[in-house]
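In: Structural data only, the sequence is not supplied:
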Ligand SMILES: Nc1ncnc2c1ncn2[C@@H]1O[C@H](COP(=O)(O)OP(=O)(O)OP(=O)(O)O)[C@@H](O)[C@H]1O
Ligand SMILES: [K+]
Ligand SMILES: [Mg+2]
C-alpha cells in the first residue's frame with residue numbers, strides 16, 4: 001500500500017469537508033436524511049421568528065431565539081461535516097485515480113497492421129500490443145506473451161507482477177504499466193466500464209445506495225421522529241388550553257433534543273467509513289451491502305492451497321513404488337510436466353535439475369499435452385508412440401490405471417499416506433497401466449492461521465476448508481490450521497453445493513476464489529472475494545476484489561464488516577439513550593418556564609429554565625462532532641459471540657448514553673447559566 005493511500009485525514013480533506021458541510025445544507029439533498037431535515041426546517045422557522053418577530057406575534061426574546069438558531073444550524077452543519085469527512089478520503093483517492101486515467105495511446109492491431117489510437121476508442125474485443133515502458137490502455141486478457149506489470153496505480157504495491165497468457169494470471173488492468181517484455185492483450189471492457197472507472201465511482205461514493213440494514217434503521221429513525229413530531233405539535237394546543245404559554249422555539253428545541261439526531265447525523269458517515277476501511281485495506285467492495293453482509297457471515301469457505309497454505313506446492317522427492325527406480329519416476333514425471341505451467345508442474349522439472357537426473361525429452365516431441373484440470377485431478381501427455389503419461393491425485397491415477405487393466409503396486413498407498421499424514425500432497429506417476437511412483441509435493445501452512453481461526457470461532461463463524469487434495473492431507477492441514485470442517489477431493493461444483501447447503505440453513509456464506517471455475521460459487525456466496533490476479537470471470541462474479549490477491553484477507557474483511565455493524569448498533573443505542581436523558585433536562589425546564597411553581601421538577605438543578613434548554617440543545621449538537629472519530633474508526637471490539645456482544649454493547653452504550661448527557665448538560669449549564 002502506498003503512503004498516499006494510507007495517509008490519514010489531512011488538512012486538504014478537512015478543508016474540503018468544511019466547505020461541503022455548507023453545500024450539503026441544500027434542502028433537496030437534506031431530504032435524504034429525514035431526521036436532519038426536520039432539524040433544518042426547525043432551524044429555518046427559528047430564523048424567521050428571529051428576523052420577523054412581529055409576524056409570529058411572538059413576545060420574544062430575540063437573543064434567545066438567535067442563540068437557538070445558531071445551535072440548530074451547527075447541529076445540521078456538524079452532521080454534514082461528519083458525512084463530508086467520511087467521504088473525503090474517497091474523493092481524494094478518486095481524484096488521484098482520475099489523474100492516472102488520463103488519455104493513454106494504444107497500439108491497436110487491425111489485421112496485420114498496427115495503428116496508434118487513443119485508448120478511449122478501444123472497444124471490447126479489440127486487440128492491442130503493449131511493450132516495455134507502455135501503459136496498458138484498457139482492461140483485458142493477455143492472449144500472447146509474458147510481461148511484468150507495475151500495478152501500483154491501482155494496488156499501491158510497487159513490486160511488479162507477472163502476467164501471462166492462459167491460466168489464472170492473465171488479466172490486466174487499464175492504467176497499469178508494462179515494465180518488461182511485450183504482451184498482446186484482448187480488451188474486455190468498453191469505455192466507461194473499466195475497472196478504474198468502477199473504482200472511481202466506488203471510492204467517490206457516487207452511486208452509493210442505502211444498504212438494507214441502513215434502510216431498516218432509517219425507517220426506525222423516521223418513525224421515532226414522526227412520533228416526537230406529533231407529540232410536540234400537539235403539546236402546543238394542549239398547553240394553550242391549560243393557559244400555559246409555550247414558545248415555538250422552545251418547542252422546536254424540545255423536538256430536536258428528542259429525535260435521534262446523534263445517530264441521524266452519523267449514520268451515513270458510519271457506512272461510508274466502513275466502506276473506506278475496506279478500501280484502505282486494498283479490497284474493493286462493489287457495494288456497501290457486500291461489506292455489511294461480511295459483518296453477518298456465519299460460514300466461511302476457504303481453499304487449502306494458497307489460502308491456508310502458502311500454495312507454492314513444490315516437488316521435494318520422487319518416491320518409487322513396486323520396485324521402480326527414482327530415475328524412472330523422475331523421468332516420467334518430467335516428461336509429463338514439460339508443458340505443465342502450474343507451479344506443481346514446474347517444480348517437477350526443477351527437482352530433476354536439483355537431483356541431477358535426466359529425462360529423454362525427445363519422447364515428448366509431437367505428443368499431445370493433457371492440461372491439469374480440477375475435474376480430472378491429473379495432467380500429462382499422450383506420446384506420439386501411443387503411450388499415455390499421467391501424474392495426479394493418487395486415487396485418480398489409480399482409477400485411471402485400473403481402467404486400463406493395470407494393477408496398483410502394494411506399497412503405493414502406504415507411501416502416499418505417509419506423505420499425506422505430513423500434510424504433503426502425493427502425486428502418482430503412471431504410464432499406461434503401470435504406476436511408477438510418487439511425487440512428494442510440499443506445502444506449508446501460513447503462520448498465524450490457527451489464531452485467526454480461533455478468532456473467527458469466537459465470533460461464531462464456522463470455517464470449512466474445501467480442497468481438491470486427498471482426505472489424509474486435508475485432515476492434516478485442517479488439524480494444523482485449526483479449521484472447523486474440511487471437504488477433501490472436492491471438485492469446483494462441490495463448493496457451490498456446500499454454499500447452497502449452508503444457505504438453506506439460513507446462513508450467510510463467504511468465500512474466496514480466483515479461477516474461472518470459482519465464478520459460479522463466488523456469485524452464489526453472500527460475500528465473494530475475488531483475487532485481482534484472477535480471471536475476469538471471477539472478478540465479475542464476486543462482490544469484492546482483493547487488489548493484493550491475498551485470499552486469507554477474507555478474514556479481515558469479515559472483521560471490518562462486523563465492526564461496521566457494531567459501530568452502527570452502538571451509536572444507535574447511545575443516541576436513543578441520550579435522548580431519554582435530555583428529556584429530563586428540557587421537559588421540566590419548559591414547564592417551569594410556564595409555571596414557576598413547578599420548580600421541584602428541576603431534578604438536575606440546572607441554573608435556569610432558559611439555560612437548561614440551551615444546555616440540552618448545545619449538548620445535542622456537540623455530541624455529533626465528538627462522536628465523529630468513533631464513527632470513522634469504528635468501535636473497538638474483541639471477537640465474541642453475537643449475543644454476548646449485544647449484551648455488552650447495551651451495557652456500555654445504553655447506560656453510558658443515559659449517564660453522559662446528565663454530566664454533559666450539567667457542565668454546559670454551569671457555563672451557560674453565567675452567560676444568560
Ligand atoms: N499440475 C498438476 N498435475 C497433476 N495433478 C495435479 C496438479 N496440480 C494438482 N494436482 C492434483 O489435483 C488435486 C486437486 O487440485 P486442485 O488445484 O483442484 O485443488 P488443491 O489445490 O489441492 O486444493 P485447493 O482447492 O485448496 O486449492 C491436487 O490435490 C493434486 O493431487
Ligand atoms: K436528539
Ligand atoms: Mg488449487
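Out: Alright, I've got the coordinates. The structure displayed is predicted, hence computed values, not measured ones. Ligands and ions are numbered 1, 2, ... in the order given.

In: Distance of the closest residue to residue 433 other than its chain neighbours relative to ligand 1?
Out: Closest residue to residue 433 apart from its sequence neighbours, by CB to CB, 6 or more residues apart in numbering: residue 406 at 2.8 Å. To be clear about C-beta, it is placed using only N, CA and C from the backbone, and glycine gets the same treatment. Distance, residue 406 to ligand 1, by CB to the nearest ligand atom, to the nearest Å: 18 Å.

In: Likewise for residue 158?
Out: 28 Å.

In: Now that residue. Nearest residue, chain neighbours left out?
Out: Per CB to CB, 6+ apart, closest to residue 158 is residue 152, 5.0 Å.

In: How confident was the prediction at the residue of the chain found nearest ligand 2?
Out: Residue nearest to ligand 2 within the chain: residue 261 (3.7 Å; CB to the ion). As predicted, residue 261 sits at a pLDDT of 96.

In: likewise residue 207?
Out: 64.

In: Check the one 5 residues further on too.
Out: Among the per-residue scores, residue 212 holds a pLDDT of 83.

In: my guess is the residue of the chain closest to ligand 2 meets residue 37, correct?
Out: No. With contacts counted by CB atoms under 8 Å, residue 261 stays clear of residue 37, the gap being 11.1 Å.

In: For those two, work out which one has more neighbours and name it.
Out: residue 261 (29 against 19; other CB atoms under 10 Å).

In: Please name the residues that touch the more buried one.
Out: Shown in contact with residue 261 (CB atoms under 8 Å, 6 or more residues apart in numbering): 35-36, 39, 75, 79, 575, 620, 624.

In: Export those residues as TSV, with columns for neighbour count and pLDDT.
Out: As requested, the contacts of residue 261 are exported to TSV (neighbours: other CB atoms under 10 Å; pLDDT from 0 to 100):
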residue	neighbour count	pLDDT
35	23	96
36	28	97
39	27	97
75	27	98
79	30	97
575	26	93
620	29	95
624	27	97
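
In: nearest to ligand 1, of the residues you listed?
Out: Of all the contacts of residue 261, residue 575 has the smallest distance to ligand 1: 45.2 Å, by CB to the nearest ligand atom.

In: Distance of the closest residue to residue 365 other than its chain neighbours relative to ligand 1?
Out: Of all residues not flanking residue 365 in the chain, residue 384 sits nearest, at 6.8 Å (CB to CB, 6+ apart). In this structure, residue 384 and ligand 1 are 21 Å apart, going by CB to the nearest ligand atom.

In: likewise residue 202?
Out: 29 Å.

In: helix or strand for that residue, which one?
Out: Following DSSP states H and E, the helix or strand that holds residue 202 is helix 195-204.

In: buried sites along that helix?
Out: 195-200, 202-204 (16 or more other CB atoms under 10 Å).

In: burial count for residue 19?
Out: So residue 19, with other CB under 10 Å, has 11 neighbours.

In: Now it: which helix or strand?
Out: helix 11-23.

In: Mean confidence (pLDDT) on that helix, please.
Out: Regarding helix 11-23, the rounded mean pLDDT is 93.

In: Give the residue spans of this protein that score low on pLDDT.
Out: The model of the chain has pLDDT under 70 over residues 1-9, 56-60, 167, 206-207, 676.

In: mind giving me the domain ranges of it?
Out: Domain segmentation of the chain under the TED database yields 11-92+203-279+558-673, 286-308+446-547, 313-442.

In: residues in the chain within reach of ligand 2, list them.
Out: 261, 579, 620 (CB under 5 Å from the ion).

In: Would you format these as TSV with distance to residue 92 and secondary structure included?
Out: TSV is the format used below for those (distance: CB to CB, whole Å; DSSP: H, G, I helix; E, B strand; the rest coil):
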residue	distance to residue 92	secondary structure
261	28	helix
579	35	helix
620	31	helix
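
In: Out of those residues, which is nearest to residue 378?
Out: residue 261 (64.9 Å; CB to CB).

In: Excluding residues flanking it in the chain, which one is nearest residue 277?
Out: Nearest non-adjacent residue to residue 277 (CB to CB, 6+ apart): residue 560, at 5.2 Å.

In: ok but the one you found is inside a strand, no?
Out: No. Secondary structure of residue 560 (DSSP: H, G, I helix; E, B strand; the rest coil): helix, not part of a strand.

In: close enough to count as contact, it and residue 275?
Out: No. When contacts are counted by CB under 8 Å, residue 560 is not listed as touching residue 275 (9.3 Å).

In: Which of these two has more residues huddled nearby?
Out: Set side by side, residue 560 and residue 275 show more neighbours around residue 275, with 25 against 21, by other CB under 10 Å.

In: Is the more buried one in a helix, a strand, or coil?
Out: helix.

In: one step back: from residue 362, how far out is the residue nearest to residue 365?
Out: 10 Å (CB to CB, to the nearest Å).

In: Those two: which has the busier surroundings?
Out: Ranked by neighbour count (other CB under 10 Å), residue 384 and residue 362 place residue 384 first, with 12 against 8.

In: which element is that one on?
Out: Going by DSSP H and E, residue 384 is not in any helix or strand.

In: In contact with it, which residues?
Out: 365-367.

In: picking that back up, quick one: the contacts of residue 261 as TSV, columns for secondary structure too.
Out: Formatted as TSV, the contacts of residue 261 follow (three-state DSSP):
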residue	secondary structure
35	helix
36	helix
39	helix
75	helix
79	helix
575	helix
620	helix
624	helix
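
In: Serialize these to JSON lines and add fields for distance to ligand 1.
Out: Below are the contacts of residue 261 laid out as JSON lines (distance: CB to the nearest ligand atom, whole Å):
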{"residue": "35", "distance to ligand 1": "48"}
{"residue": "36", "distance to ligand 1": "49"}
{"residue": "39", "distance to ligand 1": "54"}
{"residue": "75", "distance to ligand 1": "54"}
{"residue": "79", "distance to ligand 1": "47"}
{"residue": "575", "distance to ligand 1": "45"}
{"residue": "620", "distance to ligand 1": "54"}
{"residue": "624", "distance to ligand 1": "48"}
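
In: doesn't residue 601 make contact with residue 612?
Out: No. The pair residue 612 and residue 601 does not pass the contact test of CB under 8 Å, sitting 10.5 Å apart.

In: who touches both of these two?
Out: Counting by CB under 8 Å, 6+ apart, the shared contacts of residue 612 and residue 601 are residue 588.

In: So the two - more neighbours on which side?
Out: Of the pair residue 612 and residue 601, residue 612 is the one with more neighbours under other CB under 10 Å, namely 29 against 15.

In: Would you mind giving the secondary structure of residue 540?
Out: At residue 540 the chain is in helix, as set by three-state DSSP.
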